[in-house]
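Below are the sequence and a predicted model for it; my questions follow.
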Amino acid sequence: MSRGKIKLFANRSGRQFAQKISKELNQSLSPLETIDFADGECKIVINGEGGSVRGCDTYVVQNCFDPTSDRNIYQNFFELLQTGDALKRSGANKTTAIIPYHPFSRQDKISGRESLTAKLVTNLIDTAEFDNIICSELHAPQIGGFYNKALVDELPTMYILLNYLKNNFKENLEKLVVIAPDAGGSKRAEKYAKKLNSKPVDSFKIRSNNRANYVEKLEVNEDIRDYNVLVVDDMIDTAGSIEKLFETLRNKNINNSIICCTHSLLNGSALERITATNANLITTDSIPRTEEFKKQNRWYHEVSLAPLYTEAIRRLNNDGSLKELYK
């Protein structure tokens, strides 16, 4: 049973990804106006030129972290909330937030007197009355349980990344080891290794002084001489862990190396650090990038999640199961 006519909207930082979905869906984006005020506020207006949204199944695409714009993650996140509120007040039957990189997902636990920001964020999304959330690779999977109302579908990216790897770097898959840059990613490394019939290496140690984006030392305690190396992670922020890992790998006499992650934030000194590894980075378009960025960083290889998200939209619209998409 259909949830209503599909209408696809894009916030300003979600437009790049939304246009890809629009093409896959063979449906134009519905008009959405964002009005900026002098004090930094903005207002979201559902443009009537696209017709009423009453009774419709509506989808809002937003990339809350957008390095191609001067808007920060807070501004983009609040635009998303305003859009959900505007759609519900306009009579939409269902509203779905498409946020490939879920914002604030690293703040899922507390130590002492600090905010549980991930829970605060899910409360705000619930308050904006979104019915569904579609995202990928939550840094902390338990965040899906933080929502009280919205249903969360965390679409996997491993198979998409693996297909790109097999089709474009086949020669690097011979005599391969798979490594995670931190202890938390060891299960992910094991999954990749199993699919590639390779060797997982998880005997490493990280010693940190609890500063954000800081790693003191990382060790790999296995003999991987003459192996190709695949480093897998959910996200790369400043690439500090990657830098420490490759400092160790340089003494291991490895062959070729590839880094694979879903969310490439690439803040701070990340570009210089990844360039210094001489590795290729395979990632997704969960973070918007300009064509100029891709030309300047030849090690950057991007695969689109738009076909996967488009199929999720089709299935949700018909109240269908998304189970097959997890395979």
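That came through, no problem.

so residue 176 makes contact with residue 199?
Yes - counting by Cβ atoms under 8 Å, residue 176 does reach residue 199; the two are 7.1 Å apart. C-beta coordinates here come from the backbone N, C-alpha and C atoms, glycine included.

any residues in contact with both of the two?
residue 227 (Cβ atoms under 8 Å, 6 or more residues apart in numbering).

And those two? Which one has more around it.
Neighbour count, other Cβ atoms under 10 Å: between residue 176 and residue 199, residue 176 has more, with 20 against 14.

So what sits opposite that one in the bridge?
residue 228 (DSSP bridges).

tell me the contacts of it?
Contacts for residue 176 were tallied using Cβ under 8 Å, 6+ apart; they are 196, 198, 199, 227, 228, 229, 230.

go on, residue 105?
Taking Cβ under 8 Å, 6+ apart as the test, what residue 105 contacts is 118, 138, 139, 140, 143.

Kindly indicate whether residue 251 is helix, strand or coil.
helix (DSSP: H, G, I helix; E, B strand; the rest coil).

how about low-confidence regions in the stretch 151-300 of the chain?
Low-confidence regions of the stretch 151-300 of the chain, defined by pLDDT under 70, span residues 202-218.

residue ranges of the helices in it, please?
158-168, 186-195, 240-249, 270-277, 291-296 (DSSP state H, counting those that start in this stretch).

Tell me the predicted confidence for the residue sitting nearest the centre point of the chain.
What sits nearest the mean C-alpha location of the chain, by Cα atoms, centre = their mean, is residue 101, with 3.3 Å. Looking at residue 101, its pLDDT is 97.

Name the SS class of it, please.
Assignment for residue 101 (three-state DSSP): coil.

Next, it: phi, psi?
Phi and psi for residue 101, reported as degrees, to the nearest 10, are phi -100, psi 110.

For it, give me its contacts.
So residue 101 contacts 63, 64, 65, 135, 136, 235, 263, 265, 286, 287 (Cβ under 8 Å, 6+ apart).

tell me which of these is nearest to residue 29?
Distance to residue 29, by Cβ to Cβ, is smallest for residue 63 among those, at 14.6 Å.

Residue 174 contacts residue 227, doesn't it?
No - Residue 174 is beyond contact range of residue 227, at 9.4 Å (criterion: Cβ under 8 Å).
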